[in-house]
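K.L.:
Let me see the structure of the following:
(chains A, B, C and D)
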2 protein chains.
Amino acid sequence: MRRDIFQAIADPTRRAIITLIALHAMTPNALAEHFDMTRQAVSKHIRILTECQLVKQEHAGREIYYKLDTNKMKEIDSWLEQFRKIWESRFNQLDNVIATIKKQKK
Amino acid sequence: MRRDIFQAIADPTRRAIITLIALHAMTPNALAEHFDMTRQAVSKHIRILTECQLVKQEHAGREIYYKLDTNKMKEIDSWLEQFRKIWESRFNQLDNVIATIKKQKK
DNA sequence: TATGTTTGCAACCGATTAGTTGCATATAAA
DNA sequence: TTTATATGCAACTAATCGGTTGCAAACATA
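P.N.:
All right, here's what the predicted structure looks like:
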């Protein structure tokens, strides 16, 4: 499989799952109700998120509650860090000013 | 095609291209030298990045210089915002403390 | 014990992806 | 004008993806 976090968040359904379980832990069945696809398809997405360590499990009898593991999410944040320096720089802000002026001229 | 930024950054080659052109504008040929694949394959990645508005073009004779457009990168940052609130919260920090204690016990 | 519920896993399938090769176009240099 | 260089685009292909159906295992309840 060999998937990473960036591939994990590439799918819109998986991003929706992440947003849902970020609020509170949910079972696969409860999650599946939010989507127009089979429970198994949702389960498959959960499996991918688990493989990428983006979710944590909590067993309660025969039910399994899935919860977001924010630690992995921080990896995306730290990858963005290198670009944050660029878009916050004065040189880039100058670019934006020039672009705005050009647009106004049109 | 209908690709979004999240799919654009899912591919490791595209992330590498983004990192390279973030530093300074580069031509497709110059970029291709950094990868173990044909120039056309790299060009295809550039096309996807262009479609997603992650890169800007600058023509210079027969050469085309590609440069990162940080504005689109901010969209990833703003999607992360909702989770940043969670991982910065006290409740989550408490979770981490508990996890650390559990690890120490083992 | 027998039955229903929650879940995960495997097999299958059509669409998409990431690479390839080949070719056309535009510009620069001889 | 001829030739070399830089690039983009189309056609093809193997691998992967995202969905499906079917089934087995684990637990709860009658």
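K.L.:
Could you quantify the relative orientation of the lengthiest helix in chain A and helix B:70-87 as an angle?
P.N.:
Secondary structure of chain A read by DSSP state H shows that its longest helix is helix A:70-87. Angle, helix A:70-87 to helix B:70-87, by axes from the mean of the first three to the mean of the last three Cα atoms, to 10 degrees: 150 degrees.
K.L.:
what packs against helix A:70-87?
P.N.:
Counting contacts by 3 or more Cβ pairs under 8 Å, 6 or more residues apart in numbering or on different chains; DSSP states H and E, helix A:70-87 is packed against helix A:5-8, helix B:12-23, helix B:70-87. The C-beta positions use only the backbone N, C-alpha and C, and glycine is treated the same way.
K.L.:
Hmm, residue A:55 is touching residue A:46, no?
P.N.:
Yes: contact status for residue A:55 versus residue A:46: in contact at 6.7 Å, counting by Cβ atoms under 8 Å.
K.L.:
Now do the shared contacts for the two.
P.N.:
Common contacts of residue A:55 and residue A:46 (Cβ atoms under 8 Å, 6 or more residues apart in numbering or on different chains): residue A:66.
K.L.:
is it true that residue A:75 touches residue A:5?
P.N.:
Yes: judged on Cβ under 8 Å, residue A:75 makes contact with residue A:5 at a distance of 5.6 Å.
K.L.:
of the two, who's got more company?
P.N.:
Neighbours were counted for residue A:75 and for residue A:5 using other Cβ atoms under 10 Å in any protein chain shown; residue A:5 has more, 18 against 15.
K.L.:
which residues sit in contact with the more buried one?
P.N.:
Going by Cβ under 8 Å, 6+ apart, residue A:5 touches A:52, A:54, A:72-73, A:75-76.
K.L.:
One more: residue A:34?
P.N.:
A:16, A:20.
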